[in-house]
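Visitor: sequence-free structure coming up:
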């Protein structure tokens with residue numbers, strides 16, 4: 001068995017299987033907390049920035065010799081581990097720690113690992129980010145973007161190039177692929193936004209979950225689906241890698257930009273370590289690196305969950321989303 005596979009299996013083995021509350025978690029809850037907001041009982045938000053505070057008791061601060069980093073679930077984890085390796089080497093240099101890549105096969109596994117204290121740094125997709133913040137004490141601080149400070153992606157609705165669909169109301173009665181229940185552009189945003197354009201997902205058409213933006217886009221190309229709402233940044237990268245011919249599809253709808261994948265750390269990391277982690281992210285230059293080639297951006301930009309995820313939280317509120325592990329899965 002390869003070492004990387006063995007490492008992942010061992011890591012998953014120590015992640016608790018039950019996160020639904022109970023005496024063990026209550027024992028870990030802050031003794032005094034004047035504000036918690038939507039955060040789980042394990043966390044506190046007394047500074048009102050909507051993310052978990054650093055524990056007041058310094059004995060609860062984590063200062064690991066090896067940092068575990070996980071990027072959002074992708075079709076081919078091995079490819080992305082190679083893409084991220086130069087950055088992880090830089091992160092190790094700046095922090096003075098070893099850095100290991102943790103491949104996850106679901107958003108739930110990613111959030112559960114951080115909640116259990118087995119994941120320290122992560123890149124988490126737009127939709128699952130609020131779940132990670134509220135369930136796992138995840139603290140987003142960066143996003144990929146341009147040197148001009150611009151960032152984000154759009155929700156695009158793809159149809160096959162030779163289809164007779166030209167606007168959202170044409171989706172009535174059709175086979176439409178959404179990605180996963182917690183995905184912003186792949187499910188939550190369509191449910192919140194499409195009714196204003198004459199079509200109600202789940203009523204005017206049956207939602208078929210494909211499992212990923214890649215599956216949705218390729219399903220439209222293969223005519224397995226009549227249409228699919230997808231994240232522009234994902235399908236753009238797919239086209240650049242030659243996974244499909246852009247001439248085979250058409251875009252019939254597109255939104256204003258949403259924030260893309262967030263990057264952040266576990267709330268209880270030692271503040272000196274957090275400072276070095278942020279330094280590594282915000283000083284890393286993408287030019288000439290695999291990350292720059294893959295994502296076509298200049299680097300990481302500093303953000304806050306409170307500001308940059310405001311629109312996403314409104315969409316979730318519209319859809320009645322509750323931040324629970326059941327909802328995440």
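Guide: Now that the structure is in, tell me what you want to look at. Keep in mind it's a predicted model, so treat the numbers as computed, not measured.

Visitor: name the helices or strands packed onto the longest helix along the chain?
Guide: Looking across the chain with DSSP state H, the single longest helix is helix 77-95. Identification of packing neighbours for helix 77-95 by 3 or more C-beta pairs under 8 Å, 6 or more residues apart in numbering; DSSP states H and E yields strand 66-70, strand 98-101, helix 271-283, helix 290-295. Where you see a C-beta, it was placed from the backbone N, CA and C, and this is true even at glycine.

Visitor: Quick check: closest non-adjacent residue to residue 50.
Guide: Once flanking residues are discounted, residue 50 sits nearest to residue 306: 4.7 Å by C-beta to C-beta, 6 or more residues apart in numbering.

Visitor: and whichever strand or helix holds the one you found, which residues are buried?
Guide: Assigned by DSSP states H and E, residue 306 belongs to helix 305-308. Residues 305, 308 are the ones in helix 305-308 that count as buried (16 or more other C-beta atoms under 10 Å).

Visitor: Let me know the next secondary structure element after that helix.
Guide: For helix 305-308, the following helix or strand on the C-terminal side (DSSP H and E) is helix 310-318.

Visitor: Give me the packing partners of that following helix, helices and strands only.
Guide: helix 129-136, helix 189-193.

Visitor: who's sitting farthest from the centroid in this protein?
Guide: The centre of the chain is farthest from one residue, residue 164, which by C-alpha atoms, centre = their mean lies 33.3 Å away.

Visitor: ok, the closest residue to that one other than its chain neighbours - how many residues close by?
Guide: Excluding the flanking residues, the one nearest residue 164 by C-beta to C-beta, 6+ apart is residue 170, at 7.5 Å. As a burial measure, residue 170 scores 17 neighbours (other C-beta atoms under 10 Å).

Visitor: residues making contact with stretch 294-311?
Guide: When contacts are defined by C-beta atoms under 8 Å, 6 or more residues apart in numbering, stretch 294-311 is touched by residues 49-51, 83, 129-130, 133, 139-147, 149, 151, 233, 236-237, 240, 258-259, 262-264, 278, 281-282, 284-287, 292.

Visitor: Okay, buried residues for it please.
Guide: Going by neighbour count (16+ other C-beta under 10 Å), the buried part of stretch 294-311 is 294, 295, 297, 298, 299, 300, 301, 303, 305, 308, 309.

Visitor: Report the buried residues of the one helix or strand residue 238 maps to.
Guide: Here residue 238, judged by DSSP H and E, is contained in helix 232-240. Residues of helix 232-240 classed as buried: 232, 233, 234, 235, 236, 237, 238, 239 (neighbour count, 16+ other C-beta under 10 Å).

Visitor: got it, and stretch 154-166?
Guide: Residues of stretch 154-166 classed as buried: 154, 155, 156, 157, 158, 159, 160, 163, 165 (neighbour count, 16+ other C-beta under 10 Å).

Visitor: now, which of the residues you listed sits nearest residue 193?
Guide: residue 155 (7.6 Å; C-beta to C-beta).

Visitor: Next one, pLDDT for that closest one please.
Guide: At residue 155, the model reports a pLDDT of 95.

Visitor: Okay, and the beta partners of it?
Guide: residue 231 (DSSP bridges).

Visitor: repeat for residue 124
Guide: Listed by DSSP bridges, the beta-bridge partners for residue 124 are residue 262.
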